[in-house]
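Trainee: 3D, please:
(one chain, ligands or ions: 1)
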Amino acid sequence: MEYTTVGSKRFIAGAVCPQCKAADKTVTFAVKRFIQSQEQELVEADDEIMACVSCCFEQSKLELSAASHNTGGSQDDVMPIKIRDATKSTSSTS
Ligand SMILES: [Zn+2]
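Mentor: This is a model prediction of the structure:
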């Protein structure tokens with residue numbers, strides 16, 4: 001991934017690298033990079049990179065949002081489905 005760093009790197013407190021699982025080694029910084037537009041042209045866009053200083057992990061925020069757009073929601077907020085007992089609403093048998 002080629003980009004020009006425009007901001008200073010900031011550590012994300014408590015973040016764990018998805019690749020090497022190291023805690024507090026993940027930084028985020030603003031970049032400018034060229035992405036391909038819908039017209040197949042290269043356009044300069046603001047992006048944000050999440051990177052690990054402990055391994056070679058890099059994650060583009062633009063690519064991440066584009067990927068999660070297809071599934072229609074953020075992948076971090078997975079709500080567990082609670083299966084309620086159907087007989088609980090009419091529990092007046094005691
Ligand atoms: Zn890592």
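
Trainee: average pLDDT across stretch 19-29?
Mentor: Throughout stretch 19-29, pLDDT has a mean value of 97.

Trainee: so how far does that stretch reach from one end to the other?
Mentor: Taking CA to CA, to the nearest Å, stretch 19-29 runs 18 Å from one end to the other.

Trainee: What is the distance between that stretch and the centre of its chain?
Mentor: Centre-to-centre, stretch 19-29 and its host chain are 13 Å apart (CA atoms, centre = their mean, to the nearest Å).

Trainee: got the buried residues for that stretch?
Mentor: By 16 or more other CB atoms under 10 Å, the buried positions in stretch 19-29 come out as 25-29. Bear in mind the C-beta positions are built from the backbone N, C-alpha and C, glycine included.

Trainee: what does stretch 50-67 give?
Mentor: Residues of stretch 50-67 classed as buried: 50-52, 57, 59-60 (neighbour count, 16+ other CB under 10 Å).

Trainee: CA-only coordinates of that stretch in CSV, if you can.
Mentor: Only the C-alpha atoms of stretch 50-67 are listed here, as CSV (Å, rounded to 0.1, in the frame of the first residue of the first chain):
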residue,chain,number,x,y,z
MET,A,50,-4.1,1.5,11.3
ALA,A,51,-0.8,-0.2,11.6
CYS,A,52,1.1,-2.4,14.1
VAL,A,53,4.6,-1.4,15.1
SER,A,54,5.3,-4.9,16.2
CYS,A,55,4.6,-6.6,12.9
CYS,A,56,3.9,-5.6,9.3
PHE,A,57,0.1,-5.3,9.8
GLU,A,58,-1.6,-2.4,8.0
GLN,A,59,-5.3,-1.6,7.6
SER,A,60,-6.8,1.2,5.5
LYS,A,61,-9.9,2.8,7.0
LEU,A,62,-11.3,3.4,3.5
GLU,A,63,-10.9,-0.2,2.5
LEU,A,64,-12.3,-1.3,5.8
SER,A,65,-15.4,0.9,5.5
ALA,A,66,-15.8,-0.3,1.9
ALA,A,67,-15.7,-3.9,3.0
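
Trainee: That's all I had, so thanks and see you.
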